[in-house]
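Participant: Following is a predicted model, sequence given first.
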Amino acid sequence: MKRLALLPLLLVSAFLIPVRAAYAETNLATSATPSASYTSPWESVAALNDGIDPPRSNDTANRRWGTWPNTGAQWAELTWGGAQTLRAAEIYFFDDGGGVRVPASWKLQYWNGSAYADVPNASGYPVRVDAYNKVTFGQVSTTRLRVALQSGQGSVGLLEVKAYANDPSGGGGTPGTWNPPANLVTPLNEVWQHVESTYPNLYGFRNYGWDQVMANRGSINYCVRWDSTATVTAAQRDQIHAALARQFEKWMDVMAGHNGWPYGTVPVKVVGWAVRDRAQLQWSDTSVDIYVNDIRENAPQCAEPCGRFFNQSGTYPNCPGGASHHYDMSLWLTAGFGGGAGGDWGQRIGSEYFMGNLDADNIHILLHEMGHSFGLDDFYDWTPTGQCCFLMKAGSATSITDFDAWMLRDWWRHLKSRYGY
């Protein structure tokens, strides 16, 4: 696919910034009374809906609900004084790496007036640590919502349960369906017809960002190619990681809870750095792998045996440190580079531009190039009907617009069957 080659995507200096409507869905769980099949004496069932977002699955600072040493079938439940209309929920699992682990399986059930029944048309039941696990489902009216868990490697536990009347991501439409706004149907169809006619290997290609996230079961690994003579401190390293993760999550946020997308968040991990001179990296800890003076395309290259671009089977038998040290994409930061480039291999932008925007809400060139990694096209020579300004039309927007979001969701609609959704 031509778009996936290393082609400069030049952006102009003036931009129009679209205004997006704010969206916030009320968490109904905080008004419910929590209960459970069993609670360890040192844990608290009140943790289920205390409104505290956990920092991680092994949260040692806040209340937790857990069933150790009990295993097998367990449940946690929210009960309201009156019927609630529900269509989505988010679950944060407690996992301390020891006696309490994520469940082998779980599901949501509601009280239908005489018995518990599984919620209809559930979007899927992901089991992820350090993140909320979101489920959307067909609308139910109930006074009780139950999280039914089957233990796996240990006992089970939860840190927080949220319940919503609608999809909290603002994805729109009925959960599990394709239902874009009426004014976007025609331009979205135009875009997809253009994609199908332009890229004959569209459905055969297997290294989109979608493939990478799904292969990792809801996460993504990066390696930074530092194509600059500047030095980098440990603090700057961590800021680069945080900025990269924040931009990536902006794309994933528009997918959360939409049309069977199984992940509420997609964590980004930087596993390595490539540099010409080790002295440029001013830290001595071993938090990331470091590759020195391995040159490809006249730039430092992270180890090819660890890169998915070079090992699209998804196995890494020759990667130092094993498969956990693999990287799916590279963030290629090049001194003096104007504009950007993006594809299945990652994103390339100017190092000065990126370092100057570490705290920016939208690092728009990087966002644009990330869109290419998920298959989104450029719009240099045409504009879909009724659309004027959106991120993938370079130079016309500096943040993800509703049209960009729906184009991304359309890719998922056409590819999700390859992952069993």
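Facilitator: Structure's in. What do you need?
Participant: Assign the residue nearest the centre of the chain to helix, strand or coil.
Facilitator: For the chain, Val266 is the residue whose C-alpha lies nearest the centre (C-alpha atoms, centre = their mean; 2.6 Å). Here Val266 is coil, with the state taken from DSSP: H, G, I helix; E, B strand; the rest coil.
Participant: Contact partners for it?
Facilitator: Going by C-beta atoms under 8 Å, 6 or more residues apart in numbering, Val266 touches 213, 218-220, 248-249, 252. All C-beta atoms are positioned from the backbone trio N, CA, C, and that covers glycine.
Participant: quick one, strands of the stretch 51-200 of the chain?
Facilitator: All strands of the stretch 51-200 of the chain, identified by DSSP state E, counting those that start in this stretch, fall at 65-66, 73-93, 105-111, 116-118, 133-150, 157-164.
Participant: Please name every helix or strand in contact with the fifth one.
Facilitator: If I follow you right, that is strand 133-150. Strand 133-150 is packed against strand 73-93, strand 105-111, strand 116-118, strand 157-164, with contacts defined by 3 or more C-beta pairs under 8 Å, 6 or more residues apart in numbering; DSSP states H and E.
Participant: okay, the ones you listed in a markdown table with distance to Ser330 and mean pLDDT next?
Facilitator: Conversion of those to a markdown table gives the following (distance: least, C-beta to C-beta, whole Å; pLDDT from 0 to 100):
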| stretch | distance to Ser330 | mean pLDDT |
| --- | --- | --- |
| strand 73-93 | 31 | 94 |
| strand 105-111 | 36 | 96 |
| strand 116-118 | 43 | 95 |
| strand 157-164 | 34 | 96 |
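Participant: on that earlier part again, could you tell me which of the contacts of Val266 belong to strands?
Facilitator: Ile220 (DSSP state E).
Participant: Could you count how many residues lie near the residue nearest to Ile349 when sequence neighbours are not counted?
Facilitator: Once flanking residues are discounted, Ile349 sits nearest to Gly340: 4.4 Å by C-beta to C-beta, 6 or more residues apart in numbering. Here the number of neighbours of Gly340 (other C-beta atoms under 10 Å) works out to 26.
Participant: gap between Gly340 and Tyr263?
Facilitator: Distance of Gly340 to Tyr263, given as C-beta to C-beta, to the nearest Å: 26 Å.
Participant: cool, and Met329?
Facilitator: Between Met329 and Tyr263 the distance, using C-beta to C-beta, works out to 17 Å.
Participant: tell me the secondary structure for Glu352?
Facilitator: Under three-state DSSP, the three-state class of Glu352 is helix.
Participant: what sits against Gln150?
Facilitator: Contacts of Gln150 (C-beta under 8 Å, 6+ apart): 72-74, 103-106.
Participant: Quick check: bridge partners of it?
Facilitator: Residues in a beta bridge with Gln150, per DSSP bridges, are Ala73, Ser105.
Participant: Now distance to Asn49 too, for the strands of the stretch 51-200 of the chain, in CSV please.
Facilitator: Putting those into CSV (distance: least, C-beta to C-beta, whole Å) gives the following:
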stretch, distance to Asn49
strand 65-66, 10
strand 73-93, 6
strand 105-111, 15
strand 116-118, 19
strand 133-150, 10
strand 157-164, 6
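Participant: that older thread, give me the nearest residue to the residue nearest to the centre of the chain, chain neighbours excluded.
Facilitator: Met252 (4.3 Å).
Participant: now Thr33
Facilitator: Nearest to Thr33 is Thr79, by C-beta to C-beta, 6+ apart, at 4.8 Å.
Participant: That neighbour: what's it in contact with?
Facilitator: 32-35, 143-144.
Participant: Now that we have those residues, which of them are buried?
Facilitator: Buried residues within the contacts of Thr79, counting neighbours by 16 or more other C-beta atoms under 10 Å: 32, 34, 144.
Participant: Dump those to TSV, plus distance to Gly209.
Facilitator: Listed next are these as TSV, based on distance: C-beta to C-beta, whole Å:
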residue	distance to Gly209
Ala32	37
Pro34	38
Arg144	39
